[in-house]
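**Student:** My questions are about this predicted structure, shown below with the sequence.
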Amino acid sequence: MREYFIQHVGKVLDSETLRKVAGTSEWGRRVRELRNEEGMNIVTHNDRSELKPGQYLLVNLKPLHAFERGISKEVRAFVLDRNGFTCQMCGAAAGEPHPYDAGRKTRLHIGHIIDKTMGGIDEPGNLRAICSVCNEGASNLTLNRPQSIKLLAQVRRAPTSDQLDVLKWIIEKFPKQAKGLIEQLKN
Ligand SMILES: [Zn+2]
């Protein structure tokens, strides 16, 4: 399976083909292993809006999140929880459409604050949640970000007590609109 992906780097592969290559119904798990444990840059429709469900693409041969290897599930869960399941660079929330690419669901990785090559360690204090868009450096390419996205990112990263202060201030300023939105959310 690894070899097949490497031979077809940059080409879209479908689930039917991968099932045949793997020769097992467990091929889906194998793809996840290649991505999560071996750090292969395999993307799906969750990552790229141009891909359909059941399509897979090995983007390039550069290991994507090799830094996640060696970080235990517990540390990973701890860091994600501490960061409120929100990218610490752009504020995108896990599972939600990405603010810079609405066709893409936000997937979070664990990144180093001080890079390993600069002596950074695998301790929670040096780790943070980072989305695949920021991880690929793509969000840096977006020059004119709407101000509201920046602002929302800050609010998302803020402690709950600060978020509640913001909520209170907004409701006081826009009582009618707040009521209307709450009604909408009920439906
Ligand atoms: Zn991000």
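**Tutor:** Noted; the coordinates are in hand.
**Student:** Going by C-alpha atoms from here, please, whenever you check contacts or count neighbours.
**Tutor:** Fine.
**Student:** residues near Ser161, how many?
**Tutor:** Ser161: 9 surrounding residues under other C-alpha atoms under 10 Å.
**Student:** same question, Ile114
**Tutor:** 14.
**Student:** Quick check: nearest residue in space to it, chain neighbours excluded?
**Tutor:** Distances taken as C-alpha to C-alpha, 6 or more residues apart in numbering place Gly120 nearest to Ile114, at 4.7 Å, with adjacent residues excluded.
**Student:** Also Ile71?
**Tutor:** The spatially closest residue to Ile71, leaving aside those adjacent along the chain, is Asp122, at 6.6 Å (C-alpha to C-alpha, 6+ apart).
**Student:** so how far is the ion from the one you found?
**Tutor:** For Asp122, the distance to the ion equals 20 Å [C-alpha to the ion, to the nearest Å].
**Student:** how deep is the residue nearest to Ile114 tucked in, by neighbour count?
**Tutor:** Considering only other C-alpha under 10 Å, Gly120 is surrounded by 14 other residues.
**Student:** go on, Lys52?
**Tutor:** By the criterion of other C-alpha under 10 Å, Lys52 has 13 neighbours.
**Student:** Torsion angles phi and psi at it?
**Tutor:** Main-chain dihedrals, Lys52, degrees, to the nearest 10: phi -90, psi 160.
**Student:** about what we covered before: in contact with the residue nearest to Ile71, which residues?
**Tutor:** Asp122 is in contact with 70-71, 112, counting by C-alpha atoms under 8 Å, 6 or more residues apart in numbering.
**Student:** Tell me which residues touch His98, please.
**Tutor:** His98 neighbours (C-alpha under 8 Å, 6+ apart): 92, 104-106.
**Student:** Show me which of these is closest to the ion.
**Tutor:** Ala92 (5.6 Å; C-alpha to the ion).
**Student:** distance of the closest one from Ser132?
**Tutor:** 10 Å (C-alpha to C-alpha, to the nearest Å).
**Student:** Give the residues shared as contacts by these two.
**Tutor:** Here Ala92 and Ser132 have Thr106 as joint contacts, going by C-alpha under 8 Å, 6+ apart.
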